[in-house]
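Engineer: Sequence and predicted structure are below.
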Amino acid sequence: MFDAKKEIKNIIAWIKEWFEENGPKASAVIGISGGKDSSICAALLVKALGKDRVVGVMMPDGTQSDISDSYQLVEHLGLKHYVINIGAATTALKDTLSEQFELTNDTRINIPPRIRMTTLYAVAQSLPNGGRVANTCNRSEDYIGYSTKYGDAAGDFAILADFTVSEVLQIGDALGIPKNLVRKAPSDGLSGMTDEDKIGFTYAVLDRYILEGVCEDEETRKKIDRMHVLNLHKLKTIPGYTR
């Protein structure tokens, strides 16, 4: 049985230890989307470091229909935060690339997450005592590669990497984060689709397969296996030739 309260204590202790070793005075910098993962990570960081050492960054791409959720989260936690609109940057890059390439839909979708990560590191390096960028991906997303390499898949430390979506939801509930943030339909905020619509199966099905090895639909199992193998490169460090 998953014990969310026990895991919260363990995560908080791990965050404290990691920062002692990798930035005793540094702040944690985290992108705030208003979704469950960034909300839960931010809440855990506040518990571990205190709100004065956590910096939230909202990064709408032009307009963001659910940015009110991001504001709700930073107000709930009392977070210092910045709003940095990346719309001009993403438009400029897409326009420049389009002069020489026919951009695929996936290319267009993945440009904003990479610019967002660039933004987070720029904020981190501009803070008085420096910053460390939080990765907010969970185990379920990582398993099937549902993240952007060097975009949201990047970061200096990963808080939820060992937890499936179903476990993350339990952690969010135990932390007392507003339910409309924890339980909102997960979406990349870029494609106009929910995560589950886009991948073609539910996180509940995926989590059961990850944790128990059970997937009753054979075609879904094959799809999950295929996605996992194709995207393993996202979880590995850069391979380097050695003499």
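Structural biologist: Thanks, I have it.
Engineer: Show me where this structure has its strands.
Structural biologist: 27-31, 54-58, 80-83, 131-135, 157-158 (DSSP state E).
Engineer: Would you tell me which one of these is buried the most?
Structural biologist: strand 27-31 (a mean of 26; mean count of other C-beta atoms under 10 Å). The way it works is simple: take the backbone N, C-alpha and C, and place the C-beta from them, glycine included.
Engineer: Indicate each strand paired with that one and its parallel or antiparallel sense.
Structural biologist: Note on strand 27-31: by DSSP bridges, its sheet partners are strand 54-58 (parallel), strand 131-135 (parallel).
Engineer: would you list those strands in a markdown table and tack on distance to A92?
Structural biologist: Converted to a markdown table, these look like this (distance: least, C-beta to C-beta, whole Å):
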| stretch | distance to A92 |
| --- | --- |
| strand 54-58 | 20 |
| strand 131-135 | 23 |
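Engineer: what would the strands of the chain look like in JSON lines with mean pLDDT?
Structural biologist: Converted to JSON lines, these look like this (pLDDT from 0 to 100):
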{"stretch": "strand 27-31", "mean pLDDT": "98"}
{"stretch": "strand 54-58", "mean pLDDT": "98"}
{"stretch": "strand 80-83", "mean pLDDT": "96"}
{"stretch": "strand 131-135", "mean pLDDT": "98"}
{"stretch": "strand 157-158", "mean pLDDT": "98"}
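Engineer: Distance to H228 added to the ones you listed, as JSON lines?
Structural biologist: Below are the strands of the chain laid out as JSON lines (distance: least, C-beta to C-beta, whole Å):
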{"stretch": "strand 27-31", "distance to H228": "25"}
{"stretch": "strand 54-58", "distance to H228": "31"}
{"stretch": "strand 80-83", "distance to H228": "35"}
{"stretch": "strand 131-135", "distance to H228": "19"}
{"stretch": "strand 157-158", "distance to H228": "18"}
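Engineer: Out of those, flag the one nearest E17.
Structural biologist: strand 157-158 (10.7 Å; C-beta to C-beta).
Engineer: Which strands or helices does that closest one pack on?
Structural biologist: Helices and strands touching strand 157-158, by 3 or more C-beta pairs under 8 Å, 6 or more residues apart in numbering; DSSP states H and E, are helix 4-22, strand 131-135.
Engineer: Quick one: distance of that strand to the chain centre.
Structural biologist: On the basis of C-alpha atoms, centre = their mean, to the nearest Å, strand 157-158 sits 10 Å off its chain's mean C-alpha point.
Engineer: contacting residues for the nearest residue to L77 once chain neighbours are set aside?
Structural biologist: With C-beta to C-beta, 6 or more residues apart in numbering as the criterion, L77 has its nearest non-adjacent residue at 5.2 Å, and that residue is V46. V46 makes contacts with V54, L77, G78, L79, as judged by C-beta atoms under 8 Å, 6 or more residues apart in numbering.
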